[in-house]
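Enquirer: Fold the stuff below for me.
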Amino acid sequence: MTIHPSRQLSHELSHCLADAGLPALMTVARLHGEPSERALAGIRGIRDHLLKVDVDLNALPSLQPDAIAAAVMRCDPDPEWRERILRGMTLVAMFDGSPSPEALALLDRTATAFQVDARPVNTYRNVMEKHQLALRFDILRRGFIRQAVEATIHAGGFSALAATLKVLSGHEDAAMLKRFQGLRGYPQGSFGKAYADFIDLNGFDFPGQPGGPPPPVFRHDCCHVLGGYGTTAAEEGGVVAFQAGFEGLDPFDVIMFVMAEFELGVGVSPFLPGEWRQLDPDRLFAGLEHGSHVSCNLIKDIDAWAHFADPIEIVRKRFSIPARGRHPEYPNKEVGLN
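Expert: Okay, here's the model as predicted:
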């Protein structure tokens, strides 16, 4: 099943899905009594940024899976909406605290009532049962990292693969490093200078240096710069959700990368240790909405070097990247990039 974050909802459909879907999310949040603040923050993020409705969450009823399925079907029989709601329920369950058998049972019953793929439920089961190897493999297989690697190899062939392996093995690539360091001399306000400033502000190594990002991760860092995202854990959640909005992959699979890394303590990336409860649920869903406006896949469809010399605002306009409406945040830094 393909999920289309850029698919725009009519006013009527948005309100109908809110009437069906938000009670489903609140049902998950109330499983163990009063909803936790993190679960509520996730539901508010979905309400405010994806559904864009004004609804009092506390006034919503809890519903059984069959009733939820019937309500969604009355809105629109397209299974995408049931797929979306099941994914939202799964994320809310993860925000709510330690995974529980009760939440797993509810998600299982919902997938059956919805007559949709239970893959998000299986992901929750892997989290609950601490099947971390299976979880890591699934995230890497389905998420944005694989797409970034494929795009790097497609653009540069064997030499790009060799350069990636050279950097990952801890060796310097002098030619690559010289090229990237040259971005410091690009005009102020250009995309290339903004990228160099991003690297310097964060104290990162440039691609080509031992410890620097390999070429596939460079593509992700360009999304930080173009989208206006910083590098705290909450901002990483925002930028990966931003990518989920335009990548053409299942947004759930993309978002699960940061859920594992920064919410569930499961380290997926070799560059980052797993952390607990560091995401901002509102920022996550705001990022997904932000990325849904972008006109192309920034991970695989553009060559950043073809745009580095241009003013960054022109590049953003070129790819229909709207203003984020929030300043980026950086660890232990009071100033950021726009």
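
Enquirer: Name the residues of stretch 189-201 that are buried.
Expert: Residues of stretch 189-201 classed as buried by neighbour count (16 or more other C-beta atoms under 10 Å): 190-199, 201. C-betas here are computed from N, CA, C, even on glycine.

Enquirer: In the protein, where is pLDDT below threshold?
Expert: Applying pLDDT under 70 to the chain flags residues 1-2, 132-170, 268-273, 333-338.

Enquirer: how much distance is there from stretch 38-50 to the middle of the chain?
Expert: Distance of stretch 38-50 from the chain centroid (C-alpha atoms, centre = their mean, to the nearest Å) equals 15 Å.

Enquirer: which ones are touching the residue positioned nearest the centre of the chain?
Expert: For the chain, residue 241 is the residue whose C-alpha lies nearest the centre (C-alpha atoms, centre = their mean; 2.3 Å). Residue 241 makes contacts with 251, 254-255, 258, 283-288, 290-291, as judged by C-beta atoms under 8 Å, 6 or more residues apart in numbering.

Enquirer: Just give me the closest of the buried residues of stretch 189-201 to residue 279.
Expert: The closest of the buried residues of stretch 189-201 to residue 279 turns out to be residue 198 (C-beta to C-beta; 21.1 Å).

Enquirer: From residue 219, how far off is residue 247?
Expert: 11 Å (C-beta to C-beta, to the nearest Å).

Enquirer: Find the residues that touch each one of those two.
Expert: By C-beta under 8 Å, 6+ apart, the residues touching both residue 247 and residue 219 are 299-300.

Enquirer: Spatially, what comes nearest to residue 4 if we skip its sequence neighbours?
Expert: Nearest non-adjacent residue to residue 4, counting by C-beta to C-beta, 6 or more residues apart in numbering: residue 80, 7.1 Å away.

Enquirer: related to what we said a few turns ago, host element of the residue nearest to the centre of the chain?
Expert: Under the criterion of DSSP states H and E, residue 241 resides in helix 233-244.

Enquirer: With residue 172 instead?
Expert: Per DSSP H and E: nothing holds residue 172, as it lies in no helix or strand.

Enquirer: what's the nearest residue to the residue nearest to the centre of the chain if we skip its chain neighbours?
Expert: In space, residue 241 is closest to residue 287, 3.4 Å off (C-beta to C-beta, 6+ apart).

Enquirer: other SSEs contacting the helix or strand containing residue 86?
Expert: Using DSSP H and E, residue 86 falls within helix 79-95. Contacts defined by 3 or more C-beta pairs under 8 Å, 6 or more residues apart in numbering; DSSP states H and E place helix 79-95 against helix 11-29, helix 37-45, helix 65-75, helix 101-114, helix 119-128, helix 251-258.

Enquirer: let's see it at 6 Å
Expert: helix 11-29, helix 37-45, helix 101-114, helix 119-128 (3 or more C-beta pairs under 6 Å, 6 or more residues apart in numbering; DSSP states H and E).

Enquirer: Give me the buried stretch members for it, please.
Expert: Result for helix 79-95 [16+ other C-beta under 10 Å]: buried residues 81-95.

Enquirer: so how far is that helix from its chain's centroid?
Expert: Centre to centre, stretch against its chain (C-alpha atoms, centre = their mean), the figure for helix 79-95 is 15 Å.

Enquirer: what inclination does it have with respect to helix 65-75?
Expert: 140 degrees (axes from the mean of the first three to the mean of the last three C-alpha atoms, to 10 degrees).

Enquirer: Need the three-state assignment for residue 217.
Expert: Three-state assignment for residue 217 (DSSP: H, G, I helix; E, B strand; the rest coil): helix.

Enquirer: for it, what are its contacts?
Expert: Residues near residue 217 by C-beta atoms under 6 Å, 6 or more residues apart in numbering: none.

Enquirer: circling back: wait, doesn't the residue nearest to residue 241 sit right on residue 237?
Expert: No: judged on C-beta atoms under 6 Å, residue 287 makes no contact with residue 237 at a distance of 7.1 Å.

Enquirer: Who has more neighbours out of the two?
Expert: residue 287 (30 against 26; other C-beta atoms under 10 Å).

Enquirer: For residue 325, see how far away the more buried one is.
Expert: For residue 287, the distance to residue 325 equals 11 Å [C-beta to C-beta].

Enquirer: Check residue 226 too.
Expert: Taking C-beta to C-beta, one finds residue 226 at 15 Å from residue 325.

Enquirer: repeat for residue 128
Expert: 36 Å.
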